[in-house]
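> Sharing a model prediction with you, sequence too.
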Amino acid sequence: MKLKNRFIRIAAAFAIVGIVALQIPARPSVSLAADGYRDTGGGLLTFKNAPTAVAAGVAIVALGRSVGSVGGTVKTGVGQQNIADITRDTDIFSDIASILTNSGLTENYRNSQLTVIWPTNDALKVALGETGLNNLKDPANTLAAATFIKSLTVSGTVDLGAAFASGQVLLDGNGNAVTLVQDPASKAVKYNTAEIVKTFVASNGKILQVNKMPVSNDL
């Protein structure tokens with residue numbers, strides 16, 4: 001009789017555990033805490049204010065139902081954002097971002113494979129002055145803004161060093177040849193006299209940052 005009663009108690013205990021597992025809500029993991037469960041580590045869940053841990057197998061089933069189908073948030077950053085969005089989100093390119101918007105070419109810089117040579121805000125102000133800069137942002141000067149942006153653009157993802165070494169002729173977005181010059185000391189390749197100081201890798205090419213306005217045939 002004692003053995004029979006013990007068997008009944010064990011069977012009842014397993015039945016309760018199974019029922020509890022089915023009651024754990026199939027919602028995102030935050031619902032576990034809201035519904036009275038907490039993670040104690042080591043693959044176990046316990047109920048709040050209760051001393052007994054739920055078996056690891058039950059915990060796995062519960063977590064699989066609650067979070068298995070919930071996707072994580074993918075953080076965007078270098079290499080994942082496109083050229084237009086990196087330009088928009090980078091403070092030192094806020095002026096070139098405004099000119100790009102005014103040019104009407106933003107979608108091209110989101111979807112096309114390009115290499116762009118972006119001057120910083122300071123470089124633009126030194127080269128163009130406030131008046132020249134504001135003119136390129138003026139909606140009345142969309143064509144001039146587009147010509148300006150294209151003068152800083154090469155089709156495809158280009159390695160300037162390799163292009164210089166091979167003697168490749170690069171054309172900007174306006175069809176004019178780009179002058180590549182190698183600094184004899186640093187061996188760095190310059191784009192129309194402007195030295196590249198930083199590279200931003202984008203999902204559709206790259207941005208070459210220059211701290212001096214490139215001298216171009218288009219300007």
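Cool, got the structure. Residues are numbered from 1 along each chain as shown.

> and the lengthiest strand in the chain, what's its mean pLDDT?
Criterion DSSP state E: the longest strand present in the chain is strand 194-202. The average of the pLDDT scores along strand 194-202 is 92.

> And the next helix or strand past it?
With elements assigned by DSSP states H and E, the helix or strand that comes after strand 194-202 is strand 205-210.

> Could you list the buried residues of stretch 166-174?
170, 172, 173, 174 (16 or more other CB atoms under 10 Å). From N, CA and C alone the C-beta is placed, and that goes for glycine too.

> Parallel or antiparallel, list what pairs with the longest strand of the chain.
Here strand 194-202 has these sheet partners by DSSP bridges: strand 189-191 (antiparallel), strand 205-210 (antiparallel).

> Looking at those strands, which is nearest to residue 181?
strand 189-191 (4.7 Å; CB to CB).

> any idea which of the buried residues of stretch 166-174 is closest to residue 126?
Out of the buried residues of stretch 166-174, the member with the shortest distance to residue 126 (by CB to CB) is residue 172, at 20.9 Å.

> And the closest one, its phi and psi?
phi -80, psi -180 (degrees, to the nearest 10).

> ranges for the helices of the protein?
2-23, 30-34, 56-67, 83-89, 94-103, 108-111, 121-137, 142-151, 160-166 (DSSP state H).

> mean pLDDT for those helices: which is lowest?
When I compare these, helix 56-67 is least confident, with a mean of 31.

> For the longest strand of the chain, give me every contacting residue.
78-79, 81-83, 86, 90, 117, 119, 160, 183, 186, 188-190, 206-215 (CB atoms under 8 Å, 6 or more residues apart in numbering).

> Next, the angle from that strand to helix 121-137.
80 degrees (axes from the mean of the first three to the mean of the last three CA atoms, to 10 degrees).

> buried stuff in strand 194-202?
Applying 16+ other CB under 10 Å to strand 194-202 flags 194, 195, 196, 200, 202 as buried.

> Now the two most distant members of the residues you listed.
The widest separation within the buried residues of strand 194-202 (CB to CB) is 20.4 Å, between 195 and 202.

> Return stretch 114-127 as CSV; C-alpha atoms alone will do.
The C-alpha trace of stretch 114-127 is given here as CSV (Å, rounded to 0.1, in the frame of the first residue of the first chain):
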residue,chain,number,x,y,z
LEU,A,114,29.5,53.8,-56.2
THR,A,115,32.7,55.2,-54.7
VAL,A,116,32.2,58.8,-53.5
ILE,A,117,34.8,61.3,-52.3
TRP,A,118,33.1,63.4,-49.7
PRO,A,119,34.7,66.6,-48.3
THR,A,120,33.9,67.4,-44.7
ASN,A,121,31.8,70.4,-43.8
ASP,A,122,35.0,72.4,-43.0
ALA,A,123,36.5,71.6,-46.3
LEU,A,124,33.4,72.7,-48.2
LYS,A,125,33.2,76.0,-46.4
VAL,A,126,36.9,76.7,-47.0
ALA,A,127,36.6,75.9,-50.8
